[in-house]
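A.B. asks: Need coordinates for the below:
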Amino acid sequence: MDIIIRPATPDEYETLGEITARAYLRDGLLDFGDDDAYLGELRNVAKRAAAAEVLVAVERDRVLGGVTFVPDGGPMADIAGPGEAEMRMLAVDHAARGRGIGEALVRACVERARAVPGQRGLVLSTQRSMHTAHRIYERLGFTRSPDRDWNPLPHLDDLTLLTYQLTL
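C.D. replies: The predicted model follows:
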């Protein structure tokens, strides 16, 4: 596999935003399709990159996926506490799935978290239906932390996000 994981460049933001939005839509992870408010957040890679580190997986200059790494509870964090990094918005282009790209992106976040002085953990939120992602997290040593499960949209009862954590 000649996949390189590196920080996204501004000329890749639009491509990664579309890959992320399409992945969430195709996998049925958004409640209202193209009208879902979160869809705009998924597409707005420039906003994420201004507040966190956005990583891309590339092969021969083609963006195949990406993830947002938030060190030490930065402004993009949803659930990270002091001394914890957070991983968000993991997505791989549907045509590139099954090649280990998602796992490589998660591993890159783990490496970054371990490199930040004082980090004691890496946390993430995931939807119940993201079974492939759950297997990746568990294979890499993440454990479920049900006491931290949360709902970003309390008016939608069925949108409780599962949380995982990795002790560094």
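A.B. asks: Where does pLDDT dip in the chain?
C.D. replies: 1, 27-37, 153-158 (pLDDT under 70).
A.B. asks: Show me where it has its helices.
C.D. replies: With DSSP state H as the criterion, the chain has helices at 13-26, 37-43, 45-51, 101-115, 131-139.
A.B. asks: Quick one: closest of the ones you listed to residue 61.
C.D. replies: With CB to CB as the criterion, residue 61 lies closest to helix 13-26 of these, at 10.6 Å. Heads up, the C-betas are built off the backbone N, CA and C, glycines and all.
A.B. asks: For the closest one, enumerate the helices and strands it packs against.
C.D. replies: Judged by 3 or more CB pairs under 8 Å, 6 or more residues apart in numbering; DSSP states H and E, helix 13-26 is in contact with helix 37-43, helix 45-51, strand 53-59, strand 62-70, strand 84-92.
A.B. asks: Can you give the distance of that helix from its chain's centre?
C.D. replies: 12 Å (CA atoms, centre = their mean, to the nearest Å).
A.B. asks: Check stretch 106-117 too.
C.D. replies: Centroid displacement of stretch 106-117 relative to its chain, using CA atoms, centre = their mean, is 13 Å.
A.B. asks: Equivalent analysis for stretch 38-48, please.
C.D. replies: Put simply, stretch 38-48 sits 12 Å off its chain's centre (CA atoms, centre = their mean).
A.B. asks: end to end, how far does that stretch reach?
C.D. replies: 13 Å (CA to CA, to the nearest Å).
A.B. asks: from now on call the first residue 49
C.D. replies: With 49 as the first residue, the last one maps to stretch 86-96.
A.B. asks: My guess is residue 181 contacts residue 139. True?
C.D. replies: No - Residue 181 is beyond contact range of residue 139, at 9.9 Å (criterion: CB atoms under 8 Å).
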